[in-house]
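Q: Curious how this folds, go ahead:
(chains A and B)
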Amino acid sequence: MHIHINGAEREFPDGSTVADLLTALDTPRQGVAVALDGEVVRRADWPVAVVSDGARLEILTAVQGG
Amino acid sequence: MSGTLPPLVEPAAELTKEEVARYSRHLIIPDVGMEGQKRLKNAKVLVIGAGGLGSPALLYLAAAGVGTLGVIDFDIVDESNLQRQVIHGQSDVGKPKAQSAKESVAEINPFVNVILHQAQLTTENALDVFRDYDLILDGTDNFATRYLVNDAAVLLGKPYVWGSIFRFEGQVSVFWEDAPNGRGLNYRDLYPEPPPPGMVPSCAEGGVLGVLCASIGSIMVTEAIKLLTGIGEPLLGRLISYDALEMKYREVKIRKDPETPKITELIDYEAFCGVVSDEAQEAASGSTITPAELKAKFDSGENFELIDVREPHEYEIVNIKGAKLIPKDRIISGEALAELPQDKPIVLHCKSGARSADALAALHRAGFKDATHLGGGVLAWAKQIDQSLPTY
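A: Numbers count the residues shown, from 1 in each chain, chains lettered A, B, ... in the order given. Predicted coordinates for the structure are as follows:
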């Protein structure tokens, strides 16, 4: 299935969860927020939130600068 | 749940003739009007950091007629600030930022009362500093202070506008644990903990496009005015992420996470954010040399290898003569270990000493037991030994 991650299209196995995607992308879990179709997914839901074909995923990394 | 929130501030009794003249372009907007402008006059807003975000925020809050502005900053204006911190000018270099900001505000709007807090925000003083303000704007430059600001705001039930920037990207939102109608949430509902130390560079390490401060700072002020006067749809429960290169704003909705631990007290935020990892701290302890000691090594013709662990573009800006460039990540991953000399001691340095401490820990682990690093990095070298070098 196709997923749009931060605007770029990527291919992932059907039934992948948010946690699967983060693992596949080698994204650190700390200091990161994930939004699925415009809504932040609570950390505890990452292993169970299944991503559907065509979904939009935003991976936000906390930045500190000011 | 969305919709307008009640105004944070009651209106002042009146506007003077001079104030009516000054704020006329606000007064003729029906949504603001006399009442909204009187609320701004009565408002007390604290801006944390008179730096990149604090500069435009303070200038526009002052121009808008916010009656009392608090500024907390312990830093001194440096030449490298002027590319983006537009509240400070050339003649302010060397002056406390809080003082410089106060002078700029007085020039923009003499009706604003400025309260200076020339101190570092700490676990000890945060609650006392925040207590008298209606709203807080967080424009600090490090994770430890960001979590401190969040937790202190939560403990006092105060709303705050949060913005952060890096290179071409910014994020901005409003957090308010005690918001009405069950809309409350805080920064930890979005980011329960900071990234691992060293993963996300600061602006001092990674750079920032100067005008990005205005892009994000102006959103922060817009939200502040909306919250103070109770107009529009606040950014509470939404985060805007802005990408200047793509010129795109993205919005995501944030909800309260029931698993976020309840904040009951202020903690040790340096430890929470792992400002320098324990391992790096341990490696640096007893293995840190001063710029004067490094100079003595050069002067006595000692046989050693000086390795600069910064990035190539930083090396181009300024470097210590004779230093070999091997970026930190290549040392930590082990990739560059084969390029290191086995037959002479190694001295590492970076910009200010944090990254070289990380790399030093990796070297000690790999068996380079006599490796040391330069405390304070190339900045300390430029300041203490070779003033002809530029700093950044």
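
Q: if I read this right, residue B:5 contacts residue B:178, doesn't it?
A: No - here residue B:5 lies out of contact with residue B:178, judged by C-beta atoms under 8 Å, at a distance of 11.4 Å. To be clear about C-beta, it is placed using only N, CA and C from the backbone, and glycine gets the same treatment.

Q: Between those two, which has more neighbouring residues?
A: Neighbour tally, residue B:5 and residue B:178, criterion other C-beta atoms under 10 Å in any protein chain shown: the higher count belongs to residue B:5, 21 against 13.

Q: who in chain A is up against chain B?
A: With C-beta under 8 Å from any C-beta of the partner chain as the criterion, chain A meets chain B at residues A:7, A:28, A:30-33, A:35, A:38-40, A:42-44, A:58, A:60-66.

Q: For the spatially closest residue to residue B:309 that is not a sequence neighbour, give me its contacts.
A: In space, residue B:309 comes closest to residue B:328 once its chain neighbours are excluded; the distance is 4.2 Å by C-beta to C-beta, 6 or more residues apart in numbering or on different chains. Residue B:328 makes contact with B:309-310, B:350, B:355-356, B:358-359, according to C-beta atoms under 8 Å, 6 or more residues apart in numbering or on different chains.

Q: Just the closest of these to residue B:13, please.
A: Residue B:13 has its nearest neighbour among these in residue B:355, at 55.2 Å by C-beta to C-beta.

Q: what's near enough to touch that closest one?
A: Residue B:355 is in contact with B:198, B:205, B:309-310, B:328, counting by C-beta under 8 Å, 6+ apart.

Q: State the pair within the residues you listed that is farthest apart.
A: Maximum pairwise distance in those, criterion C-beta to C-beta, is 13.2 Å, between B:198 and B:310.

Q: So those two - more neighbours on which side?
A: Taking other C-beta under 10 Å, residue B:198 and residue B:310 do not tie; residue B:310 has more neighbours (24 against 18).

Q: any idea how far residue B:315 is from the closest residue to that one other than its chain neighbours?
A: Distances taken as C-beta to C-beta, 6+ apart put residue B:350 closest to residue B:310, at 5.1 Å, once the chain neighbours are dropped. Relative to residue B:315, residue B:350 is positioned 10 Å away (C-beta to C-beta, to the nearest Å).

Q: Please look at residue A:37 and residue A:58 and confirm they touch.
A: No - applying C-beta under 8 Å as the test, residue A:37 and residue A:58 come out as separate, 9.2 Å apart.

Q: ok, the two, which is more surrounded?
A: Between residue A:37 and residue A:58, counted using other C-beta under 10 Å, residue A:58 has the larger neighbour count: 21 against 15.

Q: Name the helix or strand for the more buried one, please.
A: For residue A:58, the element it lies in under DSSP states H and E is strand A:56-61.

Q: where do the strands sit along the chain?
A: Went with chain A since none was named. A:2-5, A:8-11, A:32-36, A:39-40, A:56-61 (DSSP state E).

Q: You answered for a different chain; I wanted chain B.
A: Going by DSSP E, chain B shows strands at B:44-48, B:68-72, B:113-117, B:135-138, B:160-166, B:169-175, B:238-243, B:248-253, B:288-289, B:305-308, B:324-325, B:346-349, B:372-374.

Q: So what touches the fourth one?
A: For strand B:135-138, contacts defined as C-beta under 8 Å, 6+ apart pick out A:66, B:8, B:43-49, B:53-54, B:57, B:61, B:130, B:146, B:149-150, B:153, B:158-163, B:220-221, B:224, B:227-228.
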